Structures are given as C-alpha cells and as structure tokens.
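1. Following is a predicted model, sequence given first.
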Amino acid sequence: MSIAVAHWQGDFRRELDELTKNIYQNNEMGFYIERDWFLKTSLMLIDSDVRFKVKNFTSEEVGKIQQQWSEIKSCIKETFVLIRRFGINPQSLISKNAVIPVVYWLYKKQTNGHPLYTTINLLNKNHNERSVISQWFYMVLLKGIFGSQADALLTSIRDVMKNSLSDVHFPLEKIINRYKGSNKDLRFDDEYIESLLNIRYGEGRCRALLHLLFPEMNPTEVFHIDHLHPRNHFSNKYLEKLDYIANSPEKLCFYENPEHWDTIPNLHLLNHSQNISKQDTSLKQWLSHPSNNYTPSMLLVSDENINFSRFQEFYNERRNALKQRLLNRVFLTTKIDSSPSTIDTDEEILTD
C-alpha cells in the first residue's frame, strides 16, 4: 500500500477512503470494501500481475492506474450496484474476489463504442447480459471457488475474458470449460445439488441460492428471507397442541427436525411489505389474504399441500420442484471427483 501511495501524484489514501465511504454509504450498494481490494482490482484492470507484491506497484503501474482512475472508480461502483441488484447483500457476499472478474468484463467489454459498465444497470438494456453474469456469479458463490489460490484463478479467468471480448455476452461456458475436472469446477453434480437444498436459514450461501432459484425477483427491491411455514410453529409447545402430530411419533420427528423447516424448501424471498404481512401468519392464511398476490403455484407447491397438516407433503413437493429448477439454472455433470477448496479467505499478504 505504501509503495502505491509513494508513486501516486496526490493523496491516494484519501482517494481510496472516499471510494470506500461512497460504496458503503450508498443505498444502492452498501458493501464495505477495503483499500487492498481496490488495488488488486486495479492491477487486474490494467492487465498487470494481480499478486499483491511490492514489485507490482512500480511507478509505471501506479501511473497507469492513476491515468484510468476516474473510469476505474465508475466501473467499480456500477459493478457493486449490479451485484446488489442480483440480490446479493454484504452478508451473502462471501467472497469479494468473486466481484473482480465482473469488474474486468464490464470495464473491457465494449458495446456501441462505450464500456459496458456505462449501460449495464439501465433496466431497459442488457437484460441477457445481466442474466448470464448473474448466473455465473451465483454459481461462483455457491461453489466457493475463490477460497484459495485466488490470484492464479483471477489471472486465468482474465485470460479467458481477454480472449472473449468479441463475444456477444459474458463467456460463461468458456470459463466453465476452462476449469472442468479441477478443484475450481463450476459444474454441479446431483450430490452437490442435494447438499445445496439442505442449506439452512442464516448461512452465507442461502440468499445467493434463493436468487438463483427465483431470478424473476424485481432487481430494484430489497428482499428478506422468510420461512413459509413460520418457524415458531415448529416449537414443541406449538406442536404438542396438534393432535395429528402429537399422536404420531413419526410426524412429530419430521416436524421437529430443523433440516426440514429451516432449510431451502421452507424458505422464500419476500419484499419488505410481504415480509411485514407474513411474519408469523400461517402459510394458508397468508396466501388467502386479499392483499397478497402470491399463489401456491408461484411457490412451486399445489393448493392441497399448503396446510400445515401437510407439511411433509409440502416439503417433499417443493424440494423436488426446487431441485428441478436448480438443474435448469446451473451446469450439471456426473459425479465430480475433485474436492472443492475448503479454505475461504480473500486475504492476501503483501510481500517483497
């Protein structure tokens, strides 16, 4: 950091701190981004060595960054607006390194003689582009491929994108093909998909998965994750009052298990007004309210299975429907032998 500051004509620390503040305090973004991330992203954009080493911040490299700084700042901000519109918030953005390739593509890709970042957030344009980028971004977060060896991965993804700038859209399939059979494999097999459906409320990947499953959500709204059948209905105190459950040990066991009521099949994204109206209301009562525009089919369940007494049928039906939808959203393969990285850190050490 100090080397970059020394070569910058002006107050570089202030520039970075103002950008951090602008992104964090803006309602369309809200992410807290540290200085080192901006530096790494800048190295990526000027096609330099992305490794966070002193030798990569020469006066020549810093000069290139400073010369393009206005455009770099604008692209970074537009990218975080886009990421937020994908439904990703600061809690679900589990890898900031995953944002860097998106910044690169928006910065380098030209449309009608202008960088893509200048129009990517215009809702009447670039719908297909946003759709492909969002699919890639959700897949990356769900697979956690940036957990280790992030610098090498960023460099190789950049090579793919650099050779694909003449493509119509973000080169999703080329990137997927590049990492087939490696521990960065972006494809999903049946076992992995089943594990995704077991993600519980509050886990970092929960929001990303729900947005991947329901991409039709309005990108300008903020959504909350809510339990369709209220979680307080699964307490022992509540269940003991229901004869059809209390008299059936098998049913009681199923209802009590948080792997059923606290996982993806019983979770959904609701906007603010829907979340307020839902709260602890039973699913059947909430769906029948005149002000509610949701139907059982929109939740991927049949009318007869919305009753709490049929929660087991509800769970099985919705889980199967969500699995099928997930199969249509990602790239499927047979059993993946290589294990994904278990290290999950975006931190890089500045070395000589």
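-> Ah, there it is.
2. So which bits of stretch 87-106 are buried?
-> Neighbour counts over stretch 87-106 (16 or more other CB atoms under 10 Å) mark 87-88, 92-106 as buried. C-betas here are computed from N, CA, C, even on glycine.
3. repeat for stretch 266-274
-> With burial defined by 16+ other CB under 10 Å, the residues of stretch 266-274 counted as buried are 266-270, 274.
4. JSON lines for these, including distance to Ile120?
-> Written out in JSON lines, the entries for the buried residues of stretch 266-274 read as follows (distance: CB to CB, whole Å):
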{"residue": "Asn266", "distance to Ile120": "34"}
{"residue": "Leu267", "distance to Ile120": "29"}
{"residue": "His268", "distance to Ile120": "28"}
{"residue": "Leu269", "distance to Ile120": "23"}
{"residue": "Leu270", "distance to Ile120": "27"}
{"residue": "Gln274", "distance to Ile120": "28"}
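5. could I get these as a markdown table with secondary structure?
-> Converted to a markdown table, the buried residues of stretch 266-274 look like this (DSSP: H, G, I helix; E, B strand; the rest coil):
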| residue | secondary structure |
| --- | --- |
| Asn266 | helix |
| Leu267 | strand |
| His268 | strand |
| Leu269 | strand |
| Leu270 | strand |
| Gln274 | helix |
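6. Need those in JSON lines (columns: distance to Pro290 and pLDDT).
-> Shown next, in JSON lines, are the buried residues of stretch 266-274 (distance: CB to CB, whole Å; pLDDT from 0 to 100):
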{"residue": "Asn266", "distance to Pro290": "24", "pLDDT": "98"}
{"residue": "Leu267", "distance to Pro290": "25", "pLDDT": "98"}
{"residue": "His268", "distance to Pro290": "20", "pLDDT": "96"}
{"residue": "Leu269", "distance to Pro290": "22", "pLDDT": "92"}
{"residue": "Leu270", "distance to Pro290": "17", "pLDDT": "92"}
{"residue": "Gln274", "distance to Pro290": "14", "pLDDT": "89"}
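7. Could you tell me which residues within the top helix by length along the chain count as buried?
-> Taking DSSP state H as the assignment, the helix of the chain that covers the most residues is helix 311-329. Buried residues in helix 311-329, counted by 16+ other CB under 10 Å: 311, 314-315, 317-319, 321-323, 326, 329.
8. Could you find the lowest-pLDDT member of these?
-> When the buried residues of helix 311-329 are compared by pLDDT, Arg329 scores lowest at 78.
9. Quick check: that one touching His211?
-> No. The pair Arg329 and His211 does not pass the contact test of CB atoms under 8 Å, sitting 10.2 Å apart.
10. Distance check, the residue nearest to Trp136 when sequence neighbours are not counted against Ser134.
-> Spatial nearest neighbour of Trp136, chain neighbours left out: Leu172 (4.9 Å); criterion: CB to CB, 6 or more residues apart in numbering. The spacing between Leu172 and Ser134, counted by CB to CB, to the nearest Å, is 10 Å.
11. Same question for Lys162.
-> When CB to CB is applied, the distance between Lys162 and Ser134 equals 22 Å.
12. more neighbours, these two?
-> In terms of neighbours (other CB atoms under 10 Å), Ser134 is the more surrounded of Lys162 and Ser134; the figures are 23 against 12.
13. name the element the more buried one belongs to?
-> The secondary structure element spanning Ser134 is helix 127-143 (assigned by DSSP states H and E).
14. Just the angle for that helix relative to helix 311-329, thanks.
-> Between the direction of helix 127-143 and that of helix 311-329, the angle (axes from the mean of the first three to the mean of the last three CA atoms, to 10 degrees) works out to 120 degrees.
15. Could I get the buried residue list for the next helix or strand along the chain from helix 127-143?
-> Next helix or strand after helix 127-143 toward the C-terminus (DSSP H and E): helix 150-162. Within helix 150-162, the residues that count as buried by 16+ other CB under 10 Å are 150-151, 153-154, 157-158, 160-161.
16. Quick check: mean pLDDT of helix 150-162?
-> This predicted structure assigns helix 150-162 an average pLDDT of 96.
17. What is it packed up against?
-> When contacts are defined as 3 or more CB pairs under 8 Å, 6 or more residues apart in numbering; DSSP states H and E, helix 150-162 sits against helix 35-45, helix 100-108, helix 172-178.
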